[in-house]
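Undergrad: structural data only, the sequence is not supplied:
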């Protein structure tokens with residue numbers, strides 16, 4: 001349970017699993033490997049942010065975990081709103097740390113703008129930029 005009030009977040013923690021606290025059809029597991037694009041935030045849904053894992057060793061770990069639990073999945077719309085930026089390592093990753101995903105979601109919830117939200121949470125080190133940034 002999180003409340004936004006003057007930029008301060010209140011969080012309740014519990015040792016219970018989200019699977020025991022919420023109906024399965026209300027849970028959306030966010031994973032960069034999902035085929036489903038998160039188009040909007042539904043206040044009636046519970047969004048699970050997967051843990052930070054090494055993407056080269058544990059590819060699709062969060063997707064498999066969600067599938068094993070029969071959960072709906074979604075990914076942030078990075079490919080839909082951002083472009084790959086040329087870089088020396090030819091590195092492009094849609095895998096974000098939990099705090100980055102949280103920044104994207106909270107900014108989107110406040111602004112209803114995916115470009116603003118992605119600018120807030122996706123660092124240029126991920127190899128993706130907004131199209132207007134790529135043109136500069």
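TA: Arrived safely. Fair warning: this is a prediction, and the values are worked out from it, not measured in the lab.
Undergrad: for this protein, which spans come out with low pLDDT?
TA: 1-9, 51-58, 134-136 (pLDDT under 70).
Undergrad: beyond the top helix by length along it, next helix or strand please.
TA: Secondary structure of the chain per DSSP state H: the longest helix is helix 98-111. As assigned by DSSP states H and E, the chain's next helix or strand after helix 98-111 is helix 114-121.
Undergrad: find the nearest non-adjacent residue to residue 108, please.
TA: Excluding the flanking residues, the one nearest residue 108 by CB to CB, 6 or more residues apart in numbering is residue 117, at 3.6 Å. (Each C-beta comes from the backbone N, C-alpha and C, glycine too.)
Undergrad: quick one: contacts for the spatially most central residue of the chain?
TA: By CA atoms, centre = their mean, the mean C-alpha position of the chain lies nearest to residue 101, the distance being 4.1 Å. The contact partners of residue 101, by CB atoms under 8 Å, 6 or more residues apart in numbering, come to 30, 49, 76, 121.
Undergrad: surely the third one touches residue 30?
TA: It refers to residue 76. Yes - if you go by CB atoms under 8 Å, residue 76 and residue 30 touch, sitting 7.1 Å apart.
Undergrad: thanks again, I'm all set now.
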